[in-house]
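K.L.:
pasted the sequence and its predicted model underneath.
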Amino acid sequence: MSTDTKERVNLTPEQLDAMMLEGDHVHTFIQTNSGMLLGADWDRKDILEAAKRGAELSGDAATAMKHGAVVWHENGTPVFVETKQP
């Protein structure tokens, strides 16, 4: 989704947890192979489990859409996670 060239910033699961909105479910989206954005609520605990495999700050485009972090689904698909806004 992002074409940014800025340096990647890794997040721990704890840092990601603090960035996410409150609640048991958090909004996420993926970009399909056709370029379409597909959004869904995902269990917070599953997001944090995915964050153990890797999490980082999103690029400018996803951050502008209020999804400031990204984790990877077990199939390797990036999943953009809704975050609090500063």
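P.N.:
Yes, it's here. Residues are numbered from 1 along each chain as shown.

K.L.:
rest of the way, CA atoms for contacts and neighbours
P.N.:
Fine.

K.L.:
what about stretch 74-83, average pLDDT?
P.N.:
Across stretch 74-83, pLDDT averages out at 95.

K.L.:
all strands for the protein, in order.
P.N.:
For the chain, the strands defined by DSSP state E occupy 25-31, 37-43, 55-57, 69-72, 78-81.

K.L.:
could you dump those strands to JSON lines with distance to P13 and mean neighbour count?
P.N.:
As requested, these are exported to JSON lines (distance: least, C-alpha to C-alpha, whole Å; neighbours: other C-alpha atoms under 10 Å):
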{"stretch": "strand 25-31", "distance to P13": "14", "mean neighbour count": "18"}
{"stretch": "strand 37-43", "distance to P13": "14", "mean neighbour count": "13"}
{"stretch": "strand 55-57", "distance to P13": "7", "mean neighbour count": "22"}
{"stretch": "strand 69-72", "distance to P13": "10", "mean neighbour count": "25"}
{"stretch": "strand 78-81", "distance to P13": "12", "mean neighbour count": "25"}
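
K.L.:
which of those strands sits closest to E7?
P.N.:
For E7, the closest of those is strand 55-57, at 9.8 Å, according to C-alpha to C-alpha.

K.L.:
picking that back up, quick one: closest of the strands of the chain to L11.
P.N.:
Once the strands of the chain are compared by C-alpha to C-alpha, strand 55-57 is nearest, at 4.9 Å.

K.L.:
and the contacts of that closest one?
P.N.:
Residues lying outside strand 55-57 but in contact with it, judged by C-alpha atoms under 8 Å, 6 or more residues apart in numbering, are 8-13, 16, 68-72.
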